[in-house]
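Trainee: test case, fold it:
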Amino acid sequence: MTVPPSRPAHRPLRSIFAWPAAIFLLTLLGLGLALTGHGLGDVIAWLSLAAPVAAVAWAVRARRS
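Mentor: Residues are numbered from 1 along each chain as shown. Below you'll find the model as predicted:
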């Protein structure tokens, strides 16, 4: 006898889209600062634009483990 697969627990939309929204806002901030910033603005732009790359690297690493 096989056990039917369990359904994942219901999660509200806020918890599903919290991280993608944060990455979007960081990217938007980074793009704006890359166009207008100088000095410290450039550093913040680089760090903000690294957020999506870091998120993908984290997801790939978590999937392989």
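Trainee: now do the contacts for the spatially most central residue of the chain.
Mentor: Closest to where the C-alpha atoms of the chain average out (C-alpha atoms, centre = their mean) is Ile23, at 3.9 Å. Ile23 makes contacts with 51-52, 55, as judged by C-beta atoms under 8 Å, 6 or more residues apart in numbering. For glycine as for every other residue, the C-beta is placed from the backbone atoms N, C-alpha and C.
Trainee: try it again at 10 Å.
Mentor: Ile23 sits next to 48, 51-52, 54-56 when contact means C-beta atoms under 10 Å, 6 or more residues apart in numbering.
Trainee: and it, how far from His38?
Mentor: Separation of Ile23 from His38 (C-beta to C-beta, to the nearest Å): 25 Å.
Trainee: now do Leu31
Mentor: Taking C-beta to C-beta, one finds Leu31 at 15 Å from His38.
Trainee: more crowded one of those two?
Mentor: Leu31 (13 against 7; other C-beta atoms under 10 Å).
Trainee: next SSE after the longest helix seen in the chain?
Mentor: Ranked by residue count and defined by DSSP state H, the top helix of the chain is helix 13-36. The first helix or strand that comes after helix 13-36 along the chain, using DSSP states H and E, is helix 40-49.
Trainee: ok, residues contacting that following helix?
Mentor: With contact meaning C-beta under 10 Å, 6+ apart, helix 40-49 is reached by 23, 25-37, 54.
Trainee: may I have the longest helix of the chain exported as PDB, CA atoms only?
Mentor: In PDB, the C-alpha atoms belonging to helix 13-36 read as follows (Å, rounded to 0.1, in the frame of the first residue of the first chain):
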ATOM      1  CA  LEU A  13       1.100  35.400  -0.900                       C
ATOM      2  CA  ARG A  14       3.100  37.700   1.300                       C
ATOM      3  CA  SER A  15       5.400  34.900   2.500                       C
ATOM      4  CA  ILE A  16       5.800  33.600  -1.100                       C
ATOM      5  CA  PHE A  17       6.700  36.900  -2.700                       C
ATOM      6  CA  ALA A  18       8.700  38.500   0.100                       C
ATOM      7  CA  TRP A  19      12.100  37.600  -1.100                       C
ATOM      8  CA  PRO A  20      11.500  38.200  -4.800                       C
ATOM      9  CA  ALA A  21      10.100  41.600  -3.900                       C
ATOM     10  CA  ALA A  22      13.100  42.400  -1.800                       C
ATOM     11  CA  ILE A  23      15.400  41.400  -4.600                       C
ATOM     12  CA  PHE A  24      13.400  43.500  -7.000                       C
ATOM     13  CA  LEU A  25      13.700  46.600  -4.800                       C
ATOM     14  CA  LEU A  26      17.400  46.100  -4.300                       C
ATOM     15  CA  THR A  27      17.900  45.700  -8.000                       C
ATOM     16  CA  LEU A  28      15.800  48.800  -8.700                       C
ATOM     17  CA  LEU A  29      17.800  50.800  -6.200                       C
ATOM     18  CA  GLY A  30      21.100  49.500  -7.700                       C
ATOM     19  CA  LEU A  31      20.100  50.500 -11.200                       C
ATOM     20  CA  GLY A  32      19.000  54.000 -10.100                       C
ATOM     21  CA  LEU A  33      22.200  54.500  -8.200                       C
ATOM     22  CA  ALA A  34      24.300  53.200 -11.000                       C
ATOM     23  CA  LEU A  35      22.900  55.800 -13.300                       C
ATOM     24  CA  THR A  36      23.000  58.700 -10.900                       C
END
